[in-house]
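Visitor: the amino acid sequence is not available; the structure is as follows:
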């Protein structure tokens with residue numbers, strides 16, 4: 001057992017750590033949510049991470065996106081995420097994909113992973129990821145943020161809970177972040193719950209947010225779980 005993981009060991013066993021070290025996680029989006037998700041997965045010892053993002057950092061990202069800084073503006077988010085993780089945990093194999101996920105490449109990019117984590121900021125791309133996960137029989141952990149608010153749900157391939165969150169014909173493309181903005185403290189809050197769901201899936205432990213969604217209102221300190 002590597003010394004870096006010693007502080008995991010009161011909550012996780014050596015067998016648990018072996019499962020984490022051998023797991024393959026795909027994080028789609030390396031911005032507000034994704035940067036924190038990748039970092040938390042790397043620090044706890046998730047062995048193989050694919051980070052997908054075709055976008056570059058800009059100045060508007062500096063208020064909340066963990067990997068962004070004044071020196072890497074204009075550089076690709078996935079590549080910069082890899083550079084950071086190589087400093088945080090060089091034992092992790094992280095593969096950056098400098099592409100935007102779409103209906104043509106989704107199954108190729110998502111295949112051969114144990115779990116996919118949705119860290120996107122638009123509904124159409126989320127639906128593409130959900131469809132790809134269903135085709136490939138991969139569970140997906142969804143998260144979304146806006147202002148003081150966020151939500152998390154875990155979706156297995158056979159589940160239809162995503163249809164309740166994002167009805168087919170509601171005509172909305174962007175989430176509430178377009179109206180409410182994004183604050184510095186909500187991305188790590190939601191990302192930590194998404195990572196918790198990933199770890200529970202890998203270890204087959206605990207109560208998943210499956211067939212239900214956790215809605216968080218940090219402004220009024222409301223944490224509500226709604227079943228589908």
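Guide: Thanks, I have the structure now. Please read these numbers as outputs of a predicted model, since none were measured by experiment.

Visitor: break down the chain into its helices, ranges please.
Guide: 14-21, 32-44, 77-88, 106-110, 123-136, 161-165, 177-180, 186-203 (DSSP state H).

Visitor: any chance of these in a markdown table with mean neighbour count as columns?
Guide: For every residue, glycine as well, the C-beta is placed using N, CA and C. Shown next, in a markdown table, are those (neighbours: other C-beta atoms under 10 Å):
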| stretch | mean neighbour count |
| --- | --- |
| helix 14-21 | 16 |
| helix 32-44 | 26 |
| helix 77-88 | 19 |
| helix 106-110 | 18 |
| helix 123-136 | 20 |
| helix 161-165 | 17 |
| helix 177-180 | 14 |
| helix 186-203 | 21 |
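
Visitor: among the ones you listed, which is nearest residue 146?
Guide: Among the helices of the chain, the nearest to residue 146 by C-beta to C-beta is helix 177-180 (3.8 Å).

Visitor: so what's the residue most central in space within the chain bridging to?
Guide: Nearest to the geometric centre of the chain sits residue 117, at 3.8 Å (C-alpha atoms, centre = their mean). Using DSSP bridges, the bridge partners assigned to residue 117 are residue 27, residue 141.

Visitor: my guess is it contacts residue 141, does it?
Guide: Yes - the criterion here is C-beta atoms under 8 Å, and residue 117 meets it with residue 141 at 4.9 Å.

Visitor: any shared contact partners between those two?
Guide: 194, 198 (C-beta atoms under 8 Å, 6 or more residues apart in numbering).

Visitor: coming back round to it: tell me the contacts of the residue nearest to the centre of the chain?
Guide: Under the criterion of C-beta under 8 Å, 6+ apart, the neighbours of residue 117 are 25, 26, 27, 28, 34, 37, 140, 141, 143, 194, 198.

Visitor: give me that answer again for 6 Å
Guide: 27, 37, 141, 194 (C-beta atoms under 6 Å, 6 or more residues apart in numbering).
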